[in-house]
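In: Build me a model from this:
(one chain, ligands or ions: 2)
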Amino acid sequence: APPAVSGNPYTGYTVYLSPYYAAEVDAAAALISDPTLKAKALKVKDIPTFTWFDVIAKTPDLGKYLADASAKAQASGQKYLVQIVVYDLPDRDCAAYASNGEFAIANGGEANYKRYVDQLVAEIKKYPDIRIVAVIEPDSLANLVTNLNVSKCSGAQNAYKNGVIYALEQMSSVGVYSYVDAGHAGWLGWPANLTPAAKLFADIYKAAGSSPFIKGLATNVANYNALSASSPDPVTQGNQNTDELKFINAFAPALRSNGFPAQFIVDQGRSGRQNIRDQWGDWCNVKGAGFGMHPTTNTGSSLIDAIVWVKPGGECDGTSDTSAPRYDTHCGLADAHKPAPEAGTWFQDYFVELVRNANPAL
Ligand SMILES: O=[N+]([O-])c1ccc(O[C@@H]2O[C@H](CO)[C@@H](O[C@@H]3O[C@H](CO)[C@@H](O[C@@H]4O[C@H](CO)[C@@H](O)[C@H](O)[C@H]4O)[C@H](O)[C@H]3O)[C@H](O)[C@H]2O)cc1
Ligand SMILES: [Mg+2]
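Out: Ligands and ions are numbered 1, 2, ... in the order given. Next comes the predicted model:
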C-alpha cells in the first residue's frame with residue numbers, strides 16, 4: 001500500500017454512496033404517500049453513510065461495493081472513498097443487549113473475529129485504487145473504560161483489546177484509514193472517564209504499532225449529541241463537556257500527552273434536534289431525533305477531519321419487544337420510539353420522523 005497521507009484522508013475524494021442504504025431509503029420512500037415528505041425522504045439517498053459489517057456473512061459485499069466504486073472512479077475520473085464500520089467483536093455490546101453479535105468468546109469467538117477481519121482484508125486487497133475509511137468497533141473500548149463492573153465486559157477485556165489491535169494492524173497493512181470508536185461527550189466526556197480513556201486509546205494505538213494509517217477516533221456514533229450546541233442540553237448537567245466539540249477539545253490534548261496524536265470524525269446523522277432525551281445515557285431509538293448536519297470536511301475545527309453519518313438513520317438501535325432475547329430496557333424507556341424492530345433492521349416510522357425533524361431541513 002502507498003504510504004499514509006499525513007493530512008485529512010477525505011481531502012480530494014468523492015465519498016461513495018452505499019447502495020445498501022439507498023435501497024432501504026427507496027423502499028421507505030415508496031411507503032410514504034405525502035409527496036413533500038416523500039421527496040424529502042428520497043434526498044437521503046444522496047447523503048453518504050457508513051456501511052456496517054455486523055456479521056461475517058456480509059464480508060463478500062465489501063468486494064461488490066469496492067468493485068462498484070472502482071467502476072465509478074474509472075468512469076468519472078474521480079477518486080473514490082468507501083466508508084465502513086468494522087463491528088463484530090466476540091461478546092459485542094457487552095453492557096447492553098440490543099446489539100449483541102454472532103460471536104461468543106466462550107465459543108471460539110476470538111478466532112472467528114480474526115477470520116472476519118481477514119475476510120474484509122482479502123476483499124480490500126483486490127481494489128488498491130479505492131480509499132477506505134473504517135470506524136473500528138463502536139462501543140467496545142468505551143465499555144472497557146466505564147463498564148468493567150459488568151461481568152460480560154470485564155470478561156471481554158482481552159478479547160476487545162486484542163481484537164481492536166488486530167483489526168487496526170490488518171487494516172493498516174492494506175492502507176485503510178482507521179478511526180477507533182470513542183463513545184461520545186455523554187460517555188467518555190465526563191472528566192472522571194476522559195483521563196483513563198485517553199490512556200487506554202493511546203495504549204491501543206501504540207500496541208498497534210502507532211501506524212500513520214490510524215488517524216484517530218470517531219465520536220457520537222449512533223448517538224444524538226450536537227457537534228456544538230448553542231446552549232447546553234439540560235441532560236448534560238454536571239459535565240462541562242456538553243457537546244462533541246467540547247469533548248474533542250478536552251480529549252485531544254490528553255491523548256497527545258499519552259502519545260496518540262488523534263484526529264477525529266464525528267457522527268451527526270441523528271443530531272439534528274437537541275433536548276430530546278430524559279437522561280444522557282438514553283441511546284435507544286430516541287423520540288424526536290432528526291437527521292443532522294450533512295457530511296462535510298468543512299468542520300470548523302482543525303481536530304475534526306470530517307462530519308460524517310456513521311449510524312444510517314432508519315436502521316434500528318434495538319427491539320422494544322420485551323420477550324425478545326436481545327431486548328434491552330433502554331429500548332422500553334419513555335423517550336424510546338415504540339414499537340421497534342431488532343437492531344440493524346429497518347424502522348420505518350423512525351425514519352419518517354428523522355426526515356420530518358431533519359435540521360438542516362431536507
Ligand atoms: O460526575 N457525574 O455527575 C457523573 C454522572 C454520571 C457518570 O456516569 C456516566 O454516565 C453516562 C450517562 O450519562 C454513561 O454513558 C452512557 O454509557 C452507556 C454504556 O454504559 C452508553 O450506552 C451505549 O450507547 C451506545 C450508543 O451511544 C449503544 O450503541 C450501546 O449499545 C449502549 O450500551 C451511553 O451511550 C452513554 O451515554 C457513562 O457510562 C457513565 O460513566 C459519571 C459522572
Ligand atoms: Mg447499537
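In: what's the nearest residue to A156 if we skip its chain neighbours?
Out: D91 (4.2 Å; CB to CB, 6 or more residues apart in numbering). To be clear about C-beta, it is placed using only N, CA and C from the backbone, and glycine gets the same treatment.
In: Surely that neighbour and G109 touch.
Out: Yes: assessed by CB atoms under 8 Å, D91 is found in contact with G109 at 6.6 Å.
In: tell me, what's touching the two both at once?
Out: F103, A159 (CB atoms under 8 Å, 6 or more residues apart in numbering).
In: And the helix ranked longest in the chain, how far out from the chain middle?
Out: Of all segments of type helix in the chain, defined using DSSP state H, the longest is helix 151-173. The chain centre lies 17 Å from the centre of helix 151-173; the measure is CA atoms, centre = their mean, to the nearest Å.
In: what's the next secondary structure element after it?
Out: strand 177-181 (DSSP states H and E).
In: ok, and does the helix or strand that that next one is followed by reach over to ligand 1?
Out: Using DSSP H and E, the helix or strand that directly follows strand 177-181 along the chain is helix 191-207. Yes: judged by CB under 6 Å from any ligand atom, helix 191-207 comes into contact with ligand 1 through A192, N193.
In: Tell me the secondary structure of W52, please.
Out: Following DSSP: H, G, I helix; E, B strand; the rest coil, W52 is assigned to strand.
In: Tell me who's in contact with it.
Out: I84, V85, Y87, P312, E315, G344.
In: Quick one: neighbours of the closest residue to the fifth one other than its chain neighbours, just the number.
Out: Ranked by CB to CB, 6+ apart and with sequence neighbours excluded, the top spatial neighbour of E315 is G344, at 5.6 Å. Here the neighbour count serves as a burial measure; for G344 (other CB atoms under 10 Å) it reads 17.
In: surely G344 meets D54?
Out: Yes: counting by CB under 8 Å, G344 does reach D54; the two are 6.0 Å apart.
In: what is in contact with these two at once?
Out: S99.
In: Would you mind listing the residues in contact with D317?
Out: Applying CB under 8 Å, 6+ apart, the residues contacting D317 are A98, S99, A222, W283, C284, N285, C331, A340, A343.
In: again, only this time at 10 Å
Out: For D317, the contact set (CB atoms under 10 Å, 6 or more residues apart in numbering) comprises 96, 98-99, 222-223, 270, 283-286, 311, 328, 330-331, 336-337, 340, 342-344, 347, 350.
In: Show me the helices in this structure, by range?
Out: 19-30, 35-43, 59-76, 109-125, 140-146, 151-173, 191-207, 244-257, 348-356.
In: Mean confidence (pLDDT) on the fifth one, please.
Out: Per-residue confidence for helix 140-146 averages out to 98 on the pLDDT scale.
In: And for the third one?
Out: What helix 59-76 shows for mean pLDDT is 98.
In: Remind me what it packs against, helices and strands.
Out: Packing partners of helix 59-76 (3 or more CB pairs under 10 Å, 6 or more residues apart in numbering; DSSP states H and E): strand 14-15, helix 19-30, strand 51-53, strand 80-86, helix 109-125, strand 131-136.
In: can we see that at 8 Å?
Out: helix 19-30, strand 51-53, strand 80-86, helix 109-125 (3 or more CB pairs under 8 Å, 6 or more residues apart in numbering; DSSP states H and E).
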